[in-house]
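K.L.:
Sequence below, structure please.
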Amino acid sequence: MNPLRVFIVDDDQDFAESLALLIEGRGYQVEVAFSGEEAIAKFRQQDFDITFMDVRLPGKDGLESFLDIRKFKPSARVVMMTGYSVEQLLEQAVEYGAWGVLNKPIDAQQVLGMLENIKPDGILIVDDDADFVESVKNLLVNNGYNVFVAGNGQEAIERIRSNGIDILILDLRLPILSGLETYLELKRTGHVVPTLIVTAYLDEYADDVDRLRSLSVSGILRKPFDPGELLKAVERLVDDRGDAP
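P.N.:
Numbering: from 1, shown residues only. All right, here's what the predicted structure looks like:
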């Protein structure tokens, strides 16, 4: 399983680099940026599992940068850091989805504790049922997973090809490409990731299900299912990836 990807954004270069060294020493991958503009540019190029961003930055401040990032990476986990009394800014950041707030001087153990509670896997939910997607996404996000969403098979293929996805939750009945067609295209191009099939039409799609089982999909769940059942299946796949050589 890939190590956690951590991003530190702070214009205090000594602080940013010392925090990076601490985190790297625990086996995590770390990127550093010293301005909001640089942070936004790096976010456009890659995904991070968690970002520690100072509120006071030159040019575009931390809150402005965070709000810009959320526009194109709405699932970004960002923890705001500050050594100043900026309660109104921090309240606004939390209101718009900041993952937490740290007061400087930073407690190193608090940072490491946050990292230990984050699961690095990017999970892609592919389903055109908005209510189902929202419920599953909330379940997974609340259990520490980084979750992405696609509404059809073609969108899912493009998202997986851009990397950052470790587990796929795939509905069978989809617009543009069916779940089976989506999986076959991923397999043909060498982009298959561990996949959980979900469907409310198990009998109708019996042939597709049999074929997917022969292709070694990681599990099949019939809607509606117990949310705990899905969570256990995802945790099993995460553990399997962690045990892989």
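K.L.:
Helices of this structure, residue ranges please.
P.N.:
With helices called from DSSP state H, the chain shows them at 13-24, 36-45, 62-72, 87-95, 108-116, 130-142, 153-161, 179-188, 206-214, 227-243.
K.L.:
Would you single out the least confident of these?
P.N.:
Among these, helix 87-95 carries the lowest mean pLDDT, a mean of 68.
K.L.:
burial count for Val136?
P.N.:
Around Val136 there are 22 other residues, counting by other C-beta atoms under 10 Å. For the C-beta atoms, the positions are set from N, CA and C on the backbone; glycine is no exception.
K.L.:
Oh, that last question was meant for Ala93, not what I typed.
P.N.:
Counted with other C-beta under 10 Å, Ala93 comes out at 24.
K.L.:
Centroid-nearest residue for the chain?
P.N.:
Among the residues of the chain, the one closest to the centroid is Asn146, at 2.3 Å (C-alpha atoms, centre = their mean).
K.L.:
Provide a list of residues in contact with the spatially closest residue to that one that is not a sequence neighbour.
P.N.:
Excluding the flanking residues, the one nearest Asn146 by C-beta to C-beta, 6 or more residues apart in numbering is Gly122, at 4.9 Å. By C-beta atoms under 8 Å, 6 or more residues apart in numbering, Gly122 lies in contact with 47, 146-148, 164-167.
K.L.:
quick check, nearest of these to Ser135?
P.N.:
Using C-beta to C-beta, the shortest approach to Ser135 within the contacts of Gly122 belongs to Val147, at 11.8 Å.
K.L.:
Report the beta-bridge partner residues of that closest one.
P.N.:
Under DSSP bridges, the beta-bridge partners of Val147 are Ile123.
K.L.:
Figure out which of the helices of the chain is closest to Pro194.
P.N.:
helix 227-243 (4.6 Å).
K.L.:
returning to that earlier point: so what's the residue nearest to Asn146 scoring on pLDDT?
P.N.:
So Gly122 comes in at 83 (pLDDT).
K.L.:
one step back: so what pLDDT did the residue nearest to the centre of the chain get?
P.N.:
Asn146 is given a pLDDT of 81.
K.L.:
same check, this time on Tyr84
P.N.:
So Tyr84 comes in at 67 (pLDDT).
K.L.:
quick revisit: got the helices of the chain as JSON lines, with distance to Thr51 columns?
P.N.:
Formatted as JSON lines, the helices of the chain follow (distance: least, C-beta to C-beta, whole Å):
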{"stretch": "helix 13-24", "distance to Thr51": "12"}
{"stretch": "helix 36-45", "distance to Thr51": "8"}
{"stretch": "helix 62-72", "distance to Thr51": "8"}
{"stretch": "helix 87-95", "distance to Thr51": "12"}
{"stretch": "helix 108-116", "distance to Thr51": "11"}
{"stretch": "helix 130-142", "distance to Thr51": "16"}
{"stretch": "helix 153-161", "distance to Thr51": "20"}
{"stretch": "helix 179-188", "distance to Thr51": "29"}
{"stretch": "helix 206-214", "distance to Thr51": "36"}
{"stretch": "helix 227-243", "distance to Thr51": "21"}
